[in-house]
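[1] sequence? don't have it. structure:
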């Protein structure tokens, strides 16, 4: 586990940690992202256990997390990060574009998913997008999510009546499905940022969703928004 020394941190810089046991890949990503003025690499880890120990002392905005690592892999580490540090965004990295794996990671709370052959600009875009909008969807994750929405990899969900969603909750759920940020939703419904966050958390509790992706899955299954 390594923390990255250096100068002061600009308030506009995105703090990024990388957990990957392939040193050459990790170094390449670190070098590429470090060239961006709004990115600061704050830590590196070889596996999930090292990463969780690191998070006791450093609070990154975004984590790039490899799925396959020794000692503690990304699939095991992701739910722990989301349980202990729900505000941290996590982009999963893998060599494979397995749709069932993607949908499972989305349900566990991943904010994005990239294959390791993604170029540096795509990785940079994913980091910025999850930081600013909470969720990164590319063609690969869109296809996986569509597969889930067609019922291939997710159990049936309750209807809006069974979940007892209020009109306000349904309105905000629709806006979440439209990829609006918390600030945009707050402005549109004339509520505070904190109130919108509370409603979003309540929606997760009522629907059993663990992530924004889970809320989208619920909304389609329950007929709140149309499927594709």
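    It's in. Being a predicted model, the structure only gives us computed values, none of them experimental.
[2] where does pLDDT dip in the chain?
    Residues of the chain that meet the criterion pLDDT under 70 lie in 1-11, 99, 138-163, 226-228.
[3] tell me where it has strands.
    Counting by DSSP state E, one finds strands in the chain at the ranges 2-3, 14-19, 39-45, 62-66, 89-94, 112-115.
[4] now tabulate the ones you listed in TSV and tack on mean neighbour count.
    For every residue, glycine as well, the C-beta is placed using N, CA and C. Formatted as TSV, these follow (neighbours: other Cβ atoms under 10 Å):
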stretch	mean neighbour count
strand 2-3	14
strand 14-19	25
strand 39-45	23
strand 62-66	26
strand 89-94	24
strand 112-115	22
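[5] out of those strands, flag the one nearest residue 203.
    Nearest to residue 203 among these is strand 89-94 (18.8 Å), distances taken as Cβ to Cβ.
[6] what angle separates the closest one from strand 62-66?
    20 degrees (axes from the mean of the first three to the mean of the last three Cα atoms, to 10 degrees).
[7] relative to strand 14-19, how tilted is strand 89-94?
    Using the same axes, to 10 degrees, strand 89-94 lies at 40 degrees relative to strand 14-19.
[8] neighbouring strands of strand 89-94 in the sheet, and parallel or not?
    The strands beside strand 89-94 in its sheet (DSSP bridges) come out as strand 62-66 (parallel), strand 112-115 (parallel).
[9] walk me through the domains of the chain.
    Using automatic domain parsing, the domain ranges for the chain come out as 2-148, 158-221.
[10] rewinding a little: would TSV of the strands paired with strand 89-94 with distance to residue 178 be doable?
    Converted to TSV, the strands paired with strand 89-94 look like this (distance: least, Cβ to Cβ, whole Å):
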stretch	distance to residue 178
strand 62-66	23
strand 112-115	18
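[11] what sits against the nearest residue to residue 182 once chain neighbours are set aside?
    Closest residue to residue 182 apart from its sequence neighbours, by Cβ to Cβ, 6 or more residues apart in numbering: residue 196 at 5.2 Å. Taking Cβ atoms under 8 Å, 6 or more residues apart in numbering, we find residue 196 in contact with 172, 182, 185-186, 189.
[12] now which of the residues you listed would you call buried?
    172, 182, 185-186 (16 or more other Cβ atoms under 10 Å).
[13] rewinding a little: residue 61: which of the contacts of residue 196 is nearest?
    residue 182 (15.1 Å).
[14] hang on, the earlier thing: relative to residue 31, which of the contacts of residue 196 is nearest.
    Among those, and counting by Cβ to Cβ, the member closest to residue 31 is residue 182, at 32.6 Å.
[15] double-check the closest one against residue 193; I have them as touching.
    Yes - with contact defined as Cβ atoms under 8 Å, residue 182 reaches residue 193; the gap is 5.8 Å.
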